[in-house]
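> just the structure for this:
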Amino acid sequence: MGMRATYRYLSDKNLKELKSYYGIEDKIPEEIEDSHEEVELSLNIDKKWDVLHFMLTGGRRFEPIKNEPLSEAVVGEFSIDDASEFMAYTEKSKIKNIVFALDYFDMKKALEKFSMEECKTADLYPNIWDDEEEIDEIKEEIMDCFQCMKEFYHHILEANGNILITIC
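Take a look at the predicted model:
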């Protein structure tokens, strides 16, 4: 199995309920008008979340970089400490900056510098960095995940939604 990352649209109402459940201070108004309650948007980037976070930011797994949209895109803005698995959310006020950052990140250039050895040294998940023969396939998977993430965040921006991220 392994740790797979899933990203889901989260309405204001559902975000408020999530915060209430985990005892997180909520600044969302008491009365919420959710016009997108029926929106079902999700993305699964499987096991490439850690290498994607590393390539976008140089950051380590499960360590969101505060006020860094590319980090927030992968591992969220706020992590929920009491959850049984890694769970984080990003509020809709951050989505526009994330979309902008993803749109202007040059993944092709980043992949030109991609190194299996760097991934191994950084101890990135999953532990697949010994087989140099797989480098082209891995690069292609990373690019696919990146493109899907960009598209997903564009949809979330259009839906004016929040994001729930789980990695388990």
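> how much space separates the spatially most central residue of the chain from residue 91?
Closest to where the C-alpha atoms of the chain average out (Cα atoms, centre = their mean) is residue 74, at 2.3 Å. When Cβ to Cβ, to the nearest Å is the yardstick, residue 74 and residue 91 sit 16 Å from each other. To be clear about C-beta, it is placed using only N, CA and C from the backbone, and glycine gets the same treatment.
> do residue 71 as well
The value you get for residue 71 to residue 91, if Cβ to Cβ is used, is 15 Å.
> repeat that for residue 148.
22 Å.
> when these two are compared, which one has more neighbours?
More neighbours surround residue 91 than the other of residue 148 and residue 91, with 18 against 14 (other Cβ atoms under 10 Å).
> correct me, but that one touches residue 15?
Yes. At 7.1 Å, residue 91 and residue 15 qualify as touching, with contact defined as Cβ atoms under 8 Å.
> which neighbours do those two share?
Common neighbours of residue 91 and residue 15, counting by Cβ atoms under 8 Å, 6 or more residues apart in numbering, are residue 162.
> so residue 7 belongs to a strand, correct?
Yes. The assignment for residue 7 by DSSP: H, G, I helix; E, B strand; the rest coil puts it in a strand.
> biggest helix in this protein, by residue count?
helix 135-159 (DSSP state H).
> quick one: mean pLDDT for the helix or strand following it?
Next in sequence after helix 135-159, counting helices and strands by DSSP states H and E, comes strand 162-167. Computed over strand 162-167, the mean pLDDT rounds to 96.
> try stretch 135-146
So the average pLDDT for stretch 135-146 ends up being 97.
> buried ones in it?
Using 16 or more other Cβ atoms under 10 Å as the test for burial, stretch 135-146 gives 138, 139, 141, 142, 145, 146.
> check contacts around the fourth one.
When contacts are counted by Cβ under 8 Å, 6+ apart, residue 142 is found next to 48, 51, 52, 55, 107, 111, 114.
> wait, which of those residues is closest to residue 3?
residue 48 (10.8 Å; Cβ to Cβ).
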